Every structure is written in structure tokens, then in C-alpha cells.
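Novice: would you be able to build a 3D model of this:
(one chain, ligands or ions: 1)
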Amino acid sequence: MLFHVRMDVNIPRDLPASEAAEIIAKEKAYSQALQESGKWRHIWRIAGQYANYSLFDVKDNAELHELLTGLPLFRFMKIEVTPLLRHPSSIRTDDT
Ligand SMILES: O=C(O)C[C@H]1C=CC(=O)O1
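Specialist: Numbers count the residues shown, from 1 in each chain. So this is what the prediction gives:
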């Protein structure tokens, strides 16, 4: 199942910089491992914001929930999820 996900990150200003850097490094490794696996298909930065648009390809809602709640930055994120399905007019072969 495909899901469009928007993640907005808001790291509190009073979090020590070293702690923030450690969490961000963990987040990058977590994200890149999921991209390697194919479950996190795409990620784009939203210009001018500490936010991204991502595309996940997972088995079901429960798997998406598990992956998102496992994000090292999860506690500092606002996340919006939109389930997607193939458009009947699509000519692409890779959007299911
Ligand atoms: O920077 C972000 O958008 C938040 C998060 C998502 C992947 C990653 O490496 O960091």
C-alpha cells in the first residue's frame, strides 16, 4: 500500500545541540535503511521548511504506524498521512 506522508519537524530550542545532532544522525540512518529496503520510496525536502514529503510502500496501516512511530525524531514531529491508490488514468507502471 502506498502512503503520502508529510513530516514537520520542530526540535525544541532548549534541547542541547549535541543531543539534537545525535537524534538527527540516528534519523538519517533509520531513513536511509528504510529507503534501501524500498519501504520508504521517496523523500523530498519542502523548500524553506524543516519538513518533508515522503512516499511509503508498506504492507498495511499497521506497518506504516510502526515505521513512523519508530522514527528517532517522532516525538518532535507532526505527521500527516494520506493513503494513495493507482489512478485509473495513470500511464506509469511503478505507481502501485
Ligand atoms: O529532515 C527531515 O525531513 C526529517 C527526517 C526525515 C528523514 C530524515 O533523515 O530526517
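
Novice: now residue 64: which helix or strand?
Specialist: helix 61-69 (DSSP states H and E).

Novice: contacts for that helix next, please.
Specialist: For helix 61-69, contacts defined as CB atoms under 8 Å, 6 or more residues apart in numbering pick out 1, 3, 5, 34, 39, 40, 56, 58, 74, 79, 81, 83. In short, each C-beta sits where N, CA and C put it, glycine included.

Novice: which one of these sits closest to residue 22?
Specialist: Within those, the smallest distance to residue 22 is 14.8 Å, found for residue 74 (CB to CB).

Novice: so what's that closest one closest to, chain neighbours aside?
Specialist: residue 68 (6.7 Å; CB to CB, 6 or more residues apart in numbering).

Novice: that neighbour: neighbouring residues, count only.
Specialist: The local packing of residue 68 (other CB atoms under 10 Å) involves 18 other residues.

Novice: distance of it from the ligand?
Specialist: Going from residue 68 to the ligand by CB to the nearest ligand atom, to the nearest Å gives 10 Å.

Novice: could you report the distance from that residue to residue 35?
Specialist: Here residue 68 is placed at a distance of 15 Å from residue 35 (CB to CB, to the nearest Å).
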